[in-house]
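1. Okay, here's the prediction I keep looking at, along with the sequence it came from:
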Amino acid sequence: MTTDAPTVTVSPARWSDLAGLAALEARLFPDDAWSEASWWAELAGRPRREYLVLRVAGALAGYAGLDHGGEVSDVMTVAVDPAHRGRGLGGLLLGALEAAARARGAAHVMLEVRADNAPALGLYEGRGFVTVSRRRGYYDRGTVDALVMRKALSQEGAGHG
């Protein structure tokens, strides 16, 4: 049996990925994108910081990152190119982050998300994250709230990682 599905891989970010990460970030977040220098600083923060890249058929299609802080790891970012959304790739990245946090001994993973980002909220809630607080007016010069979400890794359910 043959399949036309492209190969999808998730691997640690490398220095050689920086230009591509910065370019994708600029397309996804034009108003507040991390520069190549910002990405360099993030990768230089290893081992506390850990970033993954998602490739579809060898091309950069997304990325995700964690800050390992002991008992709690914080999701720094999860992003998928719009051309590849709706295929479970954000969940694949988030699952890889959860596995990395668990491997480093974290009991919880936390993240912050725009309250108006329905697709991201669906992803996070579907993977067992719950809202623990709201930061009123955190984004867009005080017009959009941020939700702080948390997941207990010890409560892993089947199919979630």
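-> Ah, there it is. Residues are numbered from 1 along each chain as shown.
2. Residue 30 and residue 118, how far apart?
-> Distance of residue 30 to residue 118, computed by C-beta to C-beta, to the nearest Å: 20 Å. For every residue, glycine as well, the C-beta is placed using N, CA and C.
3. Quick check, pLDDT for the spatially most central residue of the chain.
-> Centroid-nearest residue in the chain: residue 78, 2.1 Å away (criterion: C-alpha atoms, centre = their mean). Here, the pLDDT recorded for residue 78 equals 95.
4. Then the one 10 residues further on?
-> On pLDDT, residue 88 comes in at 93.
5. And what about the residue nearest to the centre of the chain, helix, strand or coil?
-> Classification of residue 78 using DSSP: H, G, I helix; E, B strand; the rest coil returns strand.
6. contacting residues around it?
-> Counting by C-beta atoms under 8 Å, 6 or more residues apart in numbering, residue 78 touches 62-64, 90, 93-94, 97, 111, 120, 123.
7. and whichever strand or helix holds residue 54, which strands flank it?
-> Secondary structure from DSSP states H and E places residue 54 in strand 49-56. Using DSSP bridges, the strands paired with strand 49-56 are strand 8-12 (antiparallel), strand 59-68 (antiparallel).
8. For residue 48, find the nearest of those strands.
-> Evaluated over the strands paired with strand 49-56, closeness to residue 48 peaks at strand 59-68, with 5.4 Å, by C-beta to C-beta.
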